[in-house]
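Model the following, please.
(2 chains)
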Protein chains: 2
Amino acid sequence: MPFYTLNKDMPTITANFRHLIAPQLCSVNELFARELASDLSNVNSLITHVSEFRGKMLRPTLVLLSGLAAAKDAGGGAPLTSQHITIATVIEMVHVATLVHDDVLDDAKIRRNGSTINYLHGNEAAVLLGGYLVSHAYHLCSTLDSQDASRLIAHTTNLVCEGELIQNFNRNNWTLDEKTYYFIIDRKTAALTAICCRLGAMTSTRNPTHIESLATYGQKIGLAFQIVDDLLDICGNQQTVGKSLGTDIEKGKLTLPMIHFLQHAPSRNRNLLIDLLESDAPDRTTRVRQLIAPSDSIAYAQSEAERLVNESIAALQPLPPSEAREALIQTAHYVTERDK
Amino acid sequence: MPFYTLNKDMPTITANFRHLIAPQLCSVNELFARELASDLSNVNSLITHVSEFRGKMLRPTLVLLSGLAAAKDAGGGAPLTSQHITIATVIEMVHVATLVHDDVLDDAKIRRNGSTINYLHGNEAAVLLGGYLVSHAYHLCSTLDSQDASRLIAHTTNLVCEGELIQNFNRNNWTLDEKTYYFIIDRKTAALTAICCRLGAMTSTRNPTHIESLATYGQKIGLAFQIVDDLLDICGNQQTVGKSLGTDIEKGKLTLPMIHFLQHAPSRNRNLLIDLLESDAPDRTTRVRQLIAPSDSIAYAQSEAERLVNESIAALQPLPPSEAREALIQTAHYVTERDK
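Model prediction:
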């Protein structure tokens, strides 16, 4: 049984490249805290708590590196601007809001080895805090120079909500197919990573080929990231991953390994999986994980994630060589390697 | 025991004034439907369902009438523009989102004499649908001519979320005072009605006195509206009001009549109220309602609502006389009269 683990201290990019965006990541942190600060101490303590959910800063990293990679093309000299930092902060805020709401939907207790907001303060506080984060994200968005970025970000959150709604409609649907699975994760996860790269690029260049290259890169690594997340839910070790696992199974959400298993495993095992998914036995999550973890379906999902990482890297090909482009390639590898 | 009832077919403004904004209210309905339409039939059926929660269209009415009342001042000829309609639609969408989320927080089953989304489809679907509505509201906002309206609307939703969070922190706090109650409802309800009037006015005029007059009017009727809503929760008839009542009691949310009762009723009755609020007796909600409904605390809250309605009307004084100003005065009276 391959154990997927996540070293929470492993940065998205290694020290070689961190200098490229380190001051800007600091600025993102500062702006994040400044925008969310409230006069109300109760609200602030919730904000401090959710701020600890952030570790990898994958999405701000994507905005900033895409901005650099595209600026290189635009003449090499254009530095990252305050617009890049605002966009990175807005998207990080939206992302944290989705984590808070996801934990409510998943009844999750643990996130980054700490307690979730819903576990500590109840579902109501978590729903409201998610709303507070989203509201402040749009508030910050309205400080940008143009409405274009706001419109693209709001369009993306429309897609994220649609993806989550379709996922919810398909709970306990054991005939869910791969096409619908990809449709869901393209919206709920990849739309946000794609817009990171698209907006990072658009803020630095008008070259449409390079903007589309980076957007495709962002979309593909979003898909790969979600597949790996789904693998961790089945094969991960809760302590090393640092969040509640098995929630897909508990909530009747079929993911790629389960979909593959239900189509390719021996019929006896397929029937057993459905029986377990439909049972209310207290150990059903453990038994589902034990059933799928040694199967070919894990290797299949892993190969899909690797294919998408390779496609994301290939999408960067039209961009001129730069340290930022190298860092994006490393980030893509990190997505699948974070868990071995 | 005075019974508060709400005739759901009673319009916010009577036929005398409806012609002033009837075509624009139609446009708001069209834009609302167009913005929210999805390619996904499951999503559309949820949208159709929540659209039925809308009846009075109080908030779009406030935007449009404020726009007209301020345009009168600006020369009398300026008609309502597409900007007014977009703002009215955005705020209505935010409002419907808060209804959907409130029903989750209140475990409410009934809204406008139909089932709530959470009752029909579960809390998860309701949380996600609320997010979908908010996201589309901001998406629509980004089509406005300037970022200023977006920024003010997002600032308002920040306040709404804060108000809801503070209310949540104060659940089962039997020492909650009037000042904190007003602090909460000023954010969770009055901020949104105030921004309706402020933005309606700002889109028609630059006269700061008239903009502030209308914003104050909107804030005061929002406060009055919330007090009446809180009265209905205790004294209303569920069938005529058309939504789940007694939820404030069930969720341990002290409202103005309860706060007054805990400070002014004979000590025997005060202790009885706290005992009931803390008990888990199945009939505790009915018994709390029976305890408070005949008390002076109802009349006190009612007089507070009437005071605020009078203050809202007084705030309109600097505006030049117009049919729109008359309609706003009628709307203010409607807020307390809707329930007699």
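
Touching stretch A:304-323 from outside, list them.
Outside stretch A:304-323, the residues within contact range by Cβ atoms under 8 Å, 6 or more residues apart in numbering or on different chains are A:17, A:20, A:68-70, A:72-73, A:209-210, A:213-214, A:216-221, A:223-224, A:227-228, A:231, A:256, A:325, A:328-329, A:332-333, A:335-336. Where you see a C-beta, it was placed from the backbone N, CA and C, and this is true even at glycine.

Please list the residues of the stretch 1-150 of chain A that sit near chain B.
Within reach of chain B by Cβ under 8 Å from any Cβ of the partner chain, the stretch 1-150 of chain A has these residues: A:38, A:40, A:42-43, A:46, A:101, A:104-105, A:122-125, A:127-132, A:134-136, A:138-139, A:141-144, A:147, A:150.

Which members of these occur in helices, if any?
Counting by DSSP state H, the residues of the stretch 1-150 of chain A next to chain B place A:42-43, A:46, A:101, A:104-105, A:122-125, A:127-132, A:134-136, A:138-139, A:141, A:147, A:150 in helices.

out of the residues of the stretch 1-150 of chain A next to chain B, which are buried?
A:38, A:42-43, A:46, A:101, A:104-105, A:123-125, A:127-132, A:134-136, A:138-139, A:141-144, A:147, A:150 (16 or more other Cβ atoms under 10 Å in any protein chain shown).

Just the buried residues of the contacts of stretch A:304-323.
A:17, A:20, A:68-70, A:72-73, A:210, A:213-214, A:216-221, A:223-224, A:227-228, A:231, A:256, A:325, A:328-329, A:332, A:335-336.

my guess is A:Ala69 meets A:Asn207, correct?
No: using Cβ atoms under 8 Å, A:Ala69 is not in contact with A:Asn207, being 11.1 Å away.

need the helices for the stretch 201-340 of chain A, in chain order.
A:208-235, A:238-241, A:247-250, A:256-264, A:267-278, A:284-292, A:296-315, A:323-337 (DSSP state H, counting those that start in this stretch).

Minimum distance to B:Thr81: which of those helices has it?
In terms of Cβ to Cβ, the element of these nearest to B:Thr81 is helix A:208-235, at 33.6 Å.

what does stretch A:16-36 contact?
Looking at what lies outside stretch A:16-36 - Cβ under 8 Å, 6+ apart - the contacts are A:11, A:47, A:51, A:54, A:57, A:60-61, A:64-65, A:68, A:80, A:84-86, A:88-89, A:92-93, A:132-133, A:136, A:139-140, A:323-324, A:326-327, A:330.

and it, average pLDDT?
Mean per-residue pLDDT for stretch A:16-36: 92.

Stretch A:319-329 now?
Here the average pLDDT along stretch A:319-329 is 94.

Repeat that for stretch A:92-101.
In this model, stretch A:92-101 has a mean pLDDT of 91.

Would you mark the buried spots in that stretch?
A:Glu92, A:Met93, A:Val94, A:His95, A:Val96, A:Ala97, A:Thr98, A:Leu99, A:Val100, A:His101.

ditto for stretch A:146-166
Result for stretch A:146-166 [16+ other Cβ under 10 Å]: buried residues A:147, A:149-166.

and the closest residue to A:Ile47 other than its chain neighbours, how many residues sit next to it?
What sits nearest to A:Ile47 in space, not counting adjacent residues and going by Cβ to Cβ, 6 or more residues apart in numbering or on different chains, is A:Leu36, at 4.8 Å. A:Leu36 has 24 neighbouring residues, counting by other Cβ atoms under 10 Å in any protein chain shown.

For chain A, give me the ranges with low pLDDT.
Residue ranges of chain A with pLDDT under 70: A:1-14, A:73-78, A:238, A:338-340.

Does the most centrally placed residue in chain A belong to a helix, a strand or coil?
The centre of chain A sits closest to A:Thr189, judged by Cα atoms, centre = their mean, with a distance of 5.4 Å. Three-state assignment for A:Thr189 (DSSP: H, G, I helix; E, B strand; the rest coil): helix.

Equivalent analysis for A:Lys56, please.
Taking three-state DSSP, the label given to A:Lys56 is coil.

Quick check: it vs A:Leu159, distance?
22 Å (Cβ to Cβ, to the nearest Å).

Kindly report the same for A:Met57.
22 Å.

do the same with A:Glu306
Going from A:Glu306 to A:Leu159 by Cβ to Cβ gives 25 Å.
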